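Colleague: below are the sequence and a predicted model; questions follow.
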Amino acid sequence: MFDLNLASAGHVRHYTIVLAGESGWEVRVEEDRAVRWSETYADWHRVERSLAKVKREVSELLARGWTILPASR
């Protein structure tokens, strides 16, 4: 549903929101391959709020010079 990688000065942040089966959706932020934050929500409205938070953070990082990496497959 949402999968984005940003890079700056050898650091990488990976943002994902994925369906977590019957549990709902998992929202996860990884930094340099370590999980910085992860939550699972059953309520879609909480997912929307988390997505808005992630988008704000991404916008701030892009403004500071981070770049979007191509999707890895």
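Modeller: Alright, I've got the coordinates.
Colleague: shaky segments in the chain?
Modeller: 72-73 (pLDDT under 70).
Colleague: run through who's touching the helix or strand in which residue 62 is found.
Modeller: In this structure, residue 62 sits in helix 44-63 according to DSSP states H and E. Residues from elsewhere that reach helix 44-63 (CB atoms under 8 Å, 6 or more residues apart in numbering): 2, 4, 6, 8, 13, 15, 17, 24-25, 27, 29, 39, 41, 68. All C-beta spots, glycine's among them, are computed from the backbone N, C-alpha and C.
Colleague: what's the distance between the residue nearest to the spatial centre of the chain and residue 22?
Modeller: Residue closest to the average C-alpha location in the chain (CA atoms, centre = their mean): residue 15, at 1.8 Å. Going from residue 15 to residue 22 by CB to CB, to the nearest Å gives 23 Å.
Colleague: mind checking how far the residue sitting furthest away from the middle of the chain is from residue 42?
Modeller: Distance from the centre of the chain peaks at residue 22, with 20.6 Å (CA atoms, centre = their mean). Distance from residue 22 to residue 42, counting by CB to CB: 9 Å.
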